[in-house]
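Asks: quick one: sequence plus predicted model below, questions after.
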Amino acid sequence: MRFVLDVNVFVSGLLSRSGAPAQLLKGWLDGDFELVVSEQLLDELERTLAAPKIRKRIASEDAEQFVALVRDVADLGPDPTDLPPTRSKDPKDDYLIALAASERAHLVSGDAHLLALEEEVPVVAPRAALDLLG
């Protein structure tokens, strides 16, 4: 199974070691699924982890090491160039839908506006992603 994790899932998994996002990160590292990223997703992850409110809880060095780990271990797909036919209410997230579609992966997100598209695109919440893994 292949997943594209929204940046909010990565951040949630780093901030709380006990929730579904943290379990997904552990599952990925244990080889339970393939993680697909793109340069655009990695850039967004890096920017988000550098935000002052996140830096208060995740040290700069830890954030940099985590992004390097994701870059080294995850499958790197190309940045989407075509917008998907189904669009998010937040246009900045359309690349995630396109990436998941082009890589034949489920998009995992905690964002309500993306989860509202579940009838049109394969998007699931972190807990539902864990259920898919069995």
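Replies: Perfect, I can see it now. Residues are numbered from 1 along each chain as shown.
Asks: alpha carbons only for contacts and neighbour counts from here, please
Replies: Will do.
Asks: residues near L29, how many?
Replies: 16 (other CA atoms under 10 Å).
Asks: for this structure, what spans make up the strands?
Replies: Taking DSSP state E to define them, one finds strands in the chain at 2-5, 34-37, 75-76, 106-108, 123-124.
Asks: export those to a markdown table and tack on mean pLDDT?
Replies: Below are these laid out as a markdown table (pLDDT from 0 to 100):
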| stretch | mean pLDDT |
| --- | --- |
| strand 2-5 | 98 |
| strand 34-37 | 98 |
| strand 75-76 | 97 |
| strand 106-108 | 97 |
| strand 123-124 | 96 |
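Asks: turn those into CSV, including distance to G19.
Replies: Putting those into CSV (distance: least, CA to CA, whole Å) gives the following:
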stretch, distance to G19
strand 2-5, 15
strand 34-37, 18
strand 75-76, 24
strand 106-108, 14
strand 123-124, 15
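Asks: turn those into CSV, columns for mean neighbour count and distance to D93.
Replies: CSV is the format used below for those (neighbours: other CA atoms under 10 Å; distance: least, CA to CA, whole Å):
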stretch, mean neighbour count, distance to D93
strand 2-5, 24, 12
strand 34-37, 22, 14
strand 75-76, 16, 18
strand 106-108, 25, 11
strand 123-124, 24, 12
